[in-house]
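> Pasted the sequence and its predicted model underneath.
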Amino acid sequence: MLPKVSVLMAAYNEESRIGDTIKTLRMIPAIKEIIVVDDGSRDATWQKALEAGCKVIKLPVNSGKGAALNAGAASVTGQVVLLIDADLGASAREAEKLIEPVVNKEADLTIAKFPPSRGKGGFGLVKKLAAWGVYLYSGTTCDSVLSGQRAMTLEVFKKLLPFTPGYSVEVAATIKSAKLGIKILEIPVEMSHRVTGRDFPGFCHRGRQFWHIFLFLLSKAGTRC
């Protein structure tokens, strides 16, 4: 019997895409449970998730991705856990590629490796900082540290709890996984999601990402492997 897969999705102001993302995930046979944590959205994200038949946890204020995932963790009942972003739309079908290696025991944790962005995004500073930090504190090379699309066994999921708050959640989880000796595989996928551009909101977003990750890495000083 195939293990049950639970999806845990943190969502913030994703009313326009979360419906398509959930609809697509439901086409993957192994997925039996979808839990959406609405991270204090100001739009109809939680209503869309509820209409799609998901279990919904609504946070009163925006608390950050890590806090949202922590809020939903106790509701997970599957043997395999899939963390996924709400804005993937139809490309969420690629999540099956992340699940298979975990189900087949080829990996304990898989991370989606997105294709290069076709539009003008940032300058790669956040990505380089994240990869450098993971290598510095774990000795592991990982190209897709910032990817939030991850599948893992329930045992690994529990070991990674609680997730760190803010934008350092993926960096922290990758370092912890590597230091625990968890077998990680990066899986090339054809996923796509909303990309921040080279405009004021985009630079603000990436600036917050960089700062959160920098502070997290600074807090780890003295714990290098």
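Cool, the structure landed. Residues are numbered from 1 along each chain as shown.

> Without its sequence neighbours, what residue ends up closest to the most centrally placed residue in the chain?
A centroid search over the chain (C-alpha atoms, centre = their mean) returns residue 148, at 2.2 Å, as the residue closest to the centre. Spatial nearest neighbour of residue 148, excluding adjacent residues (C-beta to C-beta, 6 or more residues apart in numbering): residue 85 at 5.3 Å. C-beta coordinates here come from the backbone N, C-alpha and C atoms, glycine included.

> try residue 152
Excluding its sequence neighbours, the residue lying closest to residue 152 (C-beta to C-beta, 6+ apart) is residue 109, at 4.4 Å.

> isn't there a helix covering the residue nearest to the centre of the chain?
No. With DSSP: H, G, I helix; E, B strand; the rest coil as the criterion, residue 148 is assigned coil and is not in a helix.

> what residues are up against it?
Listed by C-beta atoms under 8 Å, 6 or more residues apart in numbering, the contact partners of residue 148 are 65, 83-85, 169-170.

> and the gap between it and residue 95?
Look at residue 148 and residue 95: by C-beta to C-beta, to the nearest Å, they are 12 Å apart.

> Give me the common contacts of those two.
By C-beta under 8 Å, 6+ apart, residue 148 and residue 95 have these common neighbours: residue 84.

> Which residue ranges of the protein form strands?
Assigned by DSSP state E, the chain shows strands spanning 5-11, 31-38, 55-58, 80-83, 109-113, 150-153, 184-188.

> Pipe these into CSV and attach distance to residue 201, mean pLDDT and mean neighbour count per row.
Listed next are the strands of the chain as CSV, based on distance: least, C-beta to C-beta, whole Å; pLDDT from 0 to 100; neighbours: other C-beta atoms under 10 Å:
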stretch, distance to residue 201, mean pLDDT, mean neighbour count
strand 5-11, 19, 98, 26
strand 31-38, 21, 98, 23
strand 55-58, 25, 98, 18
strand 80-83, 25, 98, 27
strand 109-113, 24, 98, 24
strand 150-153, 26, 98, 26
strand 184-188, 29, 98, 17
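
> Of those strands, which is nearest residue 123?
strand 109-113 (19.8 Å; C-beta to C-beta).

> Could you list the residues in contact with the closest one?
With C-beta under 8 Å, 6+ apart, strand 109-113 has contacts from 94-95, 97-99, 101-102, 142-145, 147, 149-153, 156, 174, 177, 182-189, 191.

> cool, and stretch 128-140?
Contacts to stretch 128-140, defined as C-beta under 8 Å, 6+ apart, come from residues 141-143, 145-146, 170-171, 174-175, 178-179, 184, 210, 213-214, 216-217, 220, 223-225.

> Write a PyMOL command that selects only the buried members of the residues you listed.
Entered in PyMOL, the line below selects the buried ones among these, by 16 or more other C-beta atoms under 10 Å:
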select buried, resi 142+145+146+170+171+174+175+178+184+210+213+216+217+220
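
> Now the strands of the chain in CSV, please, with extra columns for distance to residue 89.
Below are the strands of the chain laid out as CSV (distance: least, C-beta to C-beta, whole Å):
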stretch, distance to residue 89
strand 5-11, 13
strand 31-38, 15
strand 55-58, 19
strand 80-83, 16
strand 109-113, 14
strand 150-153, 18
strand 184-188, 19
